[in-house]
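**Student:** what follows is a protein structure lacking sequence information:
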């Protein structure tokens, strides 16, 4: 099957989360690194998947959720506990009793307001810097209450709603790879943001419940995971850049785990995709060339992705699609899509890059055109 010119142009618009912002269930947590469900739907048809789909970087569960809606079995894995919580919660099955339990919990939640024992902390700075005293205390109260709910599915829904509410309730913005204090920002009362989100979630469940095989969502490392057999894979790995997702989503990770160092622990085990002072010498795939030695993070990234591609070759019958972005590191344009394609070719795949969109990398003193691409791997 070939991708036509008109189709290429329209599909490239779905490389980002923008198209998901107002979609039921998909919009439960804003995650700008995610792609839209239309991409998944297209590639499930493209690869003629009849039974199962795999996503080794499941993020907020777009691939398994679409697979479920189409009646396919699926497995999604991720190194991030936040991704696993969000994906499991979005992909779970809910009964009418679960919905009624949630409504009951919401009605009594703030009527039973007590002083929380839990005190939220984060490895890089105190969350108190980014939230009013009242919001901070309410966040701690709701988080503690999530642990106490008898219905675990309701507790997970409330926790997702709380995590989703943090950006609206705090004096900060996510600016590229950092959290930036924005004292002039108007922060909502967390109570209002949380109630609005949980009501949206329950409305979605009543009107748009998705039937189908429940996906398996696992906390696992794509470099080491090679279990199961699937028709194809559809995924987007971390992009090669200076963005450390364990920091960008550090507040959510620490609140989720109720552990100050949760983001630090994730950082130690994450795929090596972001610039760090702790880069180590590694065996660089031959397709990367000398730049992989000169810029250690480049060598590390492709070495890790080679391990992922080897696992995907073992696990899938026909291949899959990888949504990736090219990079500019220290002024050098890294053609991530072509390099991954060539690594996959050595492993045994055929590859093509029929679908892409251009964007501008603002790397001072210059602006460089790079592209985001769908790399198609076929067996």
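**Tutor:** Okay, I see it. Note that the structure is predicted; figures quoted are calculated from it, not measured.
**Student:** contacts only, for the nearest residue to residue 216 once chain neighbours are set aside.
**Tutor:** Leaving out its chain neighbours, the residue that sits closest to residue 216 by CB to CB, 6 or more residues apart in numbering is residue 75, at 4.5 Å. The way it works is simple: take the backbone N, C-alpha and C, and place the C-beta from them, glycine included. For residue 75, the contact set (CB atoms under 8 Å, 6 or more residues apart in numbering) comprises 52, 54-55, 64, 215-218, 228, 230.
**Student:** which secondary structure state does the residue positioned nearest the centre of the chain sit in?
**Tutor:** The centroid of the chain falls nearest to residue 59 when counting by CA atoms, centre = their mean (2.4 Å). Residue 59 falls in the coil class when you classify it by DSSP: H, G, I helix; E, B strand; the rest coil.
**Student:** how near is it to residue 73?
**Tutor:** 19 Å (CB to CB, to the nearest Å).
**Student:** contacting residues for residue 319?
**Tutor:** Residue 319 neighbours (CB under 8 Å, 6+ apart): 47, 232-233, 349-350, 376-379.
**Student:** try it again at 6 Å.
**Tutor:** 349, 377-379 (CB atoms under 6 Å, 6 or more residues apart in numbering).
**Student:** just give the number of residues close to residue 115.
**Tutor:** 8 (other CB atoms under 10 Å).
**Student:** and it, what's its pLDDT?
**Tutor:** The confidence metric pLDDT takes the value 91 at residue 115.
**Student:** where does it land in three-state SS?
**Tutor:** coil.
**Student:** before we move on, what about the one 10 residues further on?
**Tutor:** Residue 125 falls in the coil class when you classify it by three-state DSSP.
**Student:** tell me how far it lies from residue 179.
**Tutor:** For residue 125, the distance to residue 179 - CB to CB - is 8 Å.
**Student:** who has more neighbours, these two?
**Tutor:** Neighbours per residue (other CB under 10 Å) separate residue 125 from residue 179, with residue 179 holding more: 21 against 13.
**Student:** partners of the host helix or strand of residue 376 in the sheet?
**Tutor:** Assigned by DSSP states H and E, residue 376 falls within strand 366-378. Paired strands of strand 366-378, with direction, are strand 316-325 (antiparallel), strand 350-363 (antiparallel) (DSSP bridges).
**Student:** residue boundaries of the helices in the stretch 1-150 of the chain?
**Tutor:** With DSSP state H, counting those that start in this stretch as the criterion, the stretch 1-150 of the chain has helices at 5-11, 37-46, 62-69, 81-91, 96-109, 133-148.
**Student:** oh sorry, the question was meant for the stretch 201-350 of the chain
**Tutor:** Here the stretch 201-350 of the chain has its helices, by DSSP H, counting those that start in this stretch, at 245-248, 250-257, 262-269, 291-294, 296-315, 336-347.
**Student:** about what we covered before: what about the contacts of residue 319, which one has the most neighbours?
**Tutor:** residue 377 (25 neighbours).
**Student:** let me know which of the helices of the stretch 1-150 of the chain is tucked in deepest.
**Tutor:** helix 62-69 (a mean of 26; mean count of other CB atoms under 10 Å).
**Student:** would CSV of the contacts of residue 319 with distance to residue 273 and pLDDT be doable?
**Tutor:** Listed next are these as CSV, based on distance: CB to CB, whole Å; pLDDT from 0 to 100:
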residue, distance to residue 273, pLDDT
349, 21, 98
377, 19, 98
378, 25, 98
379, 26, 96
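**Student:** out of the residues you listed, which two sit at the greatest distance?
**Tutor:** 377 and 379 (7.7 Å; CB to CB).
**Student:** hmm, back to that, any idea how far the strand holding residue 376 is from the middle of the chain?
**Tutor:** 19 Å (CA atoms, centre = their mean, to the nearest Å).
**Student:** now do the domain split for this protein, please.
**Tutor:** Domain assignment of the chain by automatic domain parsing yields the ranges 5-91+216-238+273-378, 96-207.
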